[in-house]
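Asks: Generate coordinates for the sequence data below:
(chains A and B)
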Amino acid sequence: MKIVIVLALSLLFSACSKDSLTPAEQGVLDQILLIANSDEPRELDPLLSTGSPEHNIHLALYEGLVTKHPKTLAIEPGVAESWSLSEDGRTYRFKIRDEARWSNGETITASDYVWSWKRSLMPALGSEWGYLKYYLEGAEAYHKGETDDFSSVGVKALDDKTLEITLVAPCHFFLQLLDHYSYFAVHPETILAHGAIDQPVSKWTLPENWVGNGPFALSKWVLNDVIETKKNEHYWDAANVKLNGVNFYPISDQQAEVRAFRSGKVHLTYSASLAIEKIPYFKKQPGNVLRVDPIYASYYYEFNTQKEPFNDVRVRKAFSLAIDRALLTERVSKAGETPSWSLVPPDPNGYEPKQYFNYDVVKAKQLLAEAGYPEGDGFPTVELLYNTNDNHRKIALAIQQMLNQNLGLQIELVNQEWKVFLNSRRDLEHDIARAGWIADYLDPSNFLEILVSDSGQNNTGWENNEYDHIIKQLKFTQDVNERRALFEQANKILATEFPVMPIYIYTDVNIVAPEVKGWYGNVMHYHPYNRVYLEAQK
Amino acid sequence: MWRYTLKRILAAVPVLFTVVLITFVLVRVAPGGPFDEERRVSAQVLENLNKRYDLNLPIYQQFINYLAKAVQGDLGPSYKYPNRTVSEIIASSAPVTIELGFYALCFAVLFGSVVGVFSSLTPNTWRDYVPMSVAMIGICIPSFVLGPLLVLVFGIHLEWLPVSGWGSSSGDKLLPALTLGAAYAAYVARLSRGGMLEVLNQDYIRTARAKGLSEWQVISRHALRGGLRPVVAFLGPAAAGLLSGSFVVETIFQIPGIGRFFLQAAFNRDYTMILGTTIFFSFLIILFNLLTDLLQTWMDPKLRQASSRK
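Replies: Numbers count the residues shown, from 1 in each chain, chains lettered A, B, ... in the order given. Alright, predicted model coming up:
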């Protein structure tokens, strides 16, 4: 018995040793970056996966024809060392670099891209990103099964190292798309070794089978535990990759993520948001650990324009005018968000939407009176729907209070679990609903397309032919100034019709250990690991 | 005894079937499907996805197909993790949950019994009141409060123990096991104290003392077997509760156990995963209750005779 007690105590004390290094400290010595990556990825096949956790991991495992500079987001060569564009703006020719290799050492060829893009467009594969390739000639018809002749699609291998892409029409932001993981190439032989070309459920992404072309290679994947990657020695720029590996931990709980950082389990957090109440604490910490950067994403509320009282534009406008966004971002959301007066955030390429309205309670009251609700009298109690999330709840509470104080209205908050929320919104069962949109590529059309009449993302019931026409025109306009004029026309319509109520521009809030170097904030939440390294603090 | 055991095993089959049927219906009735996401997929992609997982078939056909495969051990592919089957996920995550539950149970039984027995030796004194008050607090504090508290003290302030993970660093199993087992340890302490007090007043204990045996011999040889019987009766529900209720602790400590998959499956509407984990947990609860009954029968001659008559 005594022996058992002694053994148990010695085990306890050996476990409680303070001498050993934390995983983060050990990571600095080994040059292994440890990241809290929010959620477990659904899939590591870039042609099938969706979501931010996958995006973060794909940045390690794959590389597109082009990449972006992590500070400026300027397009830079990736697998392709150069490219040219035809005079009519429709045909790109990419020169694939000779030293580009798969992680198994094989050479990357132009036909790998043709094969991969064919796979991504095959109807049976069911890629959710198929529509992003509709900019390519013939891609939409092929993806919709209207033809099974892939030679009609505008992607061809002219030789082993030359890829030709033909677009339906000039596309101003096409190079941006090539950095999206749905445009990446996958290794044909590996996929075919584990199933047919259009077989979506496959074991090829398991570590023992996986082949990719990024700076890091997949080495371990334990569900709900960790995804480990190690430096890919076959990567064309391996000499300049300083990290030996990146580990991703799927920590979905906001509080657990903070605890993981504070205890030295990870070097940086990577989830979409940090718990609001933790922000003041990290602001005070030394080493500038709290990184707050604006991101190309909008937080807004959607009105159900087919239902009273929001079928009256004056009511929608009154609501939009009665919200003190500055107070909301300063006192409630607290993460450095920018009050927003347009669905489209300003972007680094230079488009800044005009502000057509402001915080004006007097005008809001006047509009409400005109709509038949003087001082809010007779206004029905309406529901504000949001999905379960503490941050959303706090914002909804503040807006409820503002509308009550400023307009004398009663707003009922309704909280629904995520999938129930999505259904309610899609079926237009809501009065007002929370919404957010994170851009896939750096172009305002990304946001404006949401509200086109036939958009699957339009949860407002709002339809406007003029607006639809403008968005359609955008697809065929390449001139920068003309495009900006069209953006502004669309923006003006939204600020007249108010199908949505912009609230703020999201920020990317991360906690980053001071040891992490070469990690820059940017509006696309784009943090490639090629140039990141770890340096011990003196 | 064997006939009784066999009867109990056979009785479990309709129970499991009912659990599967009710779960199957409930998950389908719940709003929201497995492929509902913020970025809505096109009708065509949705059709492809439904076809891939046979969700385009009538619901009764889906149920029959599911049952036919499940009895052969095929629980289908996970919708959330399409490159893994539900059976693979259960096979890789269940051992983690079982290991966590085992440590928690060991802690609960050992710690709870010792505290309960010592309390019962000096009833209604401070040596009884203090541990029993602590036990009451242990029962009242939920694991989602206790876990972060332990992490804050031992993980962040003292830096003695890791705050998350499983098996990746030394000592990372201690805090989860303590958190999970704390409430059960408190129950065990109260049960063993009550059981011991009852036994210590029995005639045969007085006889043993009268024969001149030391207090230690009286307790260890005579009182413990009877006094700890309520603890043994509690073991089955405790084991089942520890295994099926581990998801909170697994979430707090980021442990890749089956509890987290169970929880996430419900949020993701991962139908096959919900059904697979429900079957797994139902099976465990039935198994542990059966084992407890058998153990109690073995320990109690009266029950043994009754079961052999059944």
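
Asks: Please name the nearest non-neighbouring residue to residue 186.
Replies: Answering for chain A, as no chain was given. A:S116 (5.0 Å; C-beta to C-beta, 6 or more residues apart in numbering or on different chains). Using the backbone N, CA and C atoms, a C-beta is placed for each residue, glycine as well.

Asks: actually it's chain B I care about, not the one you picked
Replies: Nearest-residue entry for B:A186: B:G138, 3.2 Å, with adjacent residues in sequence omitted and distances by C-beta to C-beta, 6+ apart.

Asks: Also A:R90?
Replies: With C-beta to C-beta, 6+ apart as the criterion, A:R90 has its nearest non-adjacent residue at 4.8 Å, and that residue is A:L167.

Asks: need the contact list for that neighbour.
Replies: Neighbouring residues of A:L167 by C-beta atoms under 8 Å, 6 or more residues apart in numbering or on different chains: A:89-92, A:135-137, A:154, A:174.

Asks: That one bridge partners, please.
Replies: A:L136 (DSSP bridges).

Asks: Tell me how far it lies from chain B.
Replies: Summarising the geometry, the distance separating A:L167 from chain B, computed by C-beta to the nearest C-beta, to the nearest Å, is 21 Å.

Asks: And A:H194, by the same measure?
Replies: Between A:H194 and chain B the distance, using C-beta to the nearest C-beta, works out to 9 Å.

Asks: Can you verify my assumption that that residue contacts A:W204?
Replies: Yes - because the distance of 4.3 Å satisfies C-beta atoms under 8 Å, A:H194 is recorded as touching A:W204.

Asks: quick one, which of these two is more surrounded?
Replies: Taking other C-beta atoms under 10 Å in any protein chain shown, A:H194 and A:W204 do not tie; A:W204 has more neighbours (19 against 15).

Asks: SS state for the more buried one?
Replies: coil (DSSP: H, G, I helix; E, B strand; the rest coil).

Asks: Just checking, which helix or strand succeeds the helix or strand containing the residue nearest to A:V186 along the chain?
Replies: In this structure, A:S116 is located in helix A:110-121 according to DSSP states H and E. Heading C-terminal from helix A:110-121, the first helix or strand you meet, by DSSP H and E, is helix A:139-143.

Asks: Is the closest residue to chain A within the stretch 1-150 of chain B part of a helix or strand, or is it coil?
Replies: When you check the stretch 1-150 of chain B against chain A by C-beta to the nearest C-beta, the closest residue turns out to be B:G32, at 2.6 Å. The local conformation at B:G32, judged by three-state DSSP, is coil.

Asks: With the one 4 residues further on instead?
Replies: B:D36 falls in the coil class when you classify it by three-state DSSP.

Asks: and it, how many residues sit next to it?
Replies: Around B:D36 there are 19 other residues, counting by other C-beta under 10 Å.

Asks: Quick check: it touching B:R269?
Replies: Yes - taking contact to mean C-beta under 8 Å, the distance of 7.4 Å between B:D36 and B:R269 places them in contact.

Asks: Are there residues contacting both of those two? Which ones?
Replies: When contacts are counted by C-beta under 8 Å, 6+ apart, B:D36 and B:R269 have A:K419 as shared neighbours.

Asks: all strands for chain B, in order.
Replies: Across chain B, reading from the start of the chain, there are no strands by DSSP state E.

Asks: what stretches of it score poorly on pLDDT?
Replies: Applying pLDDT under 70 to chain B picks out residues B:299-301, B:303-310.

Asks: Show me which residues of the longest helix seen in it are buried.
Replies: Assignment by DSSP state H gives helix B:86-121 as the longest helix of chain B. Along helix B:86-121, the positions that meet the burial threshold by neighbour count (16 or more other C-beta atoms under 10 Å in any protein chain shown) are B:86-87, B:89-90, B:92-94, B:96-101, B:103-105, B:107-109, B:111-113, B:115-121.

Asks: near chain A, from these?
Replies: Residues of the buried residues of helix B:86-121 in contact with chain A (C-beta under 8 Å from any C-beta of the partner chain): B:89, B:92-93.

Asks: about what we covered before: mind checking pLDDT for the residue nearest to A:R90?
Replies: Note for A:L167: predicted pLDDT of 95.

Asks: ok, now how distant is it from A:P41?
Replies: From A:L167 over to A:P41 the distance is 31 Å, taken as C-beta to C-beta, to the nearest Å.

Asks: what kind of secondary structure is A:I191 in?
Replies: Here A:I191 is helix, with the state taken from three-state DSSP.

Asks: Which residues are in contact with the closest residue to chain A within the stretch 201-310 of chain B?
Replies: Taking C-beta to the nearest C-beta as the measure, the stretch 201-310 of chain B has B:P256 as its residue closest to chain A, at 3.9 Å. For B:P256, the contacting residues are A:222-225, B:92-93, B:96, B:166, B:250, taking C-beta under 8 Å, 6+ apart as the criterion.

Asks: Tell me the one among those residues nearest to A:V512.
Replies: Distances from A:V512 to the contacts of B:P256, taken as C-beta to C-beta, are shortest for A:D225 (22.8 Å).

Asks: picking up where we left off before, Serialize the contacts of B:P256 to a markdown table and add fields for distance to B:V153.
Replies: Compiled in a markdown table, those are given as follows (distance: C-beta to C-beta, whole Å):
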| residue | distance to B:V153 |
| --- | --- |
| A:V222 | 28 |
| A:L223 | 30 |
| A:N224 | 26 |
| A:D225 | 25 |
| B:S92 | 32 |
| B:S93 | 28 |
| B:V96 | 25 |
| B:W166 | 20 |
| B:E250 | 20 |
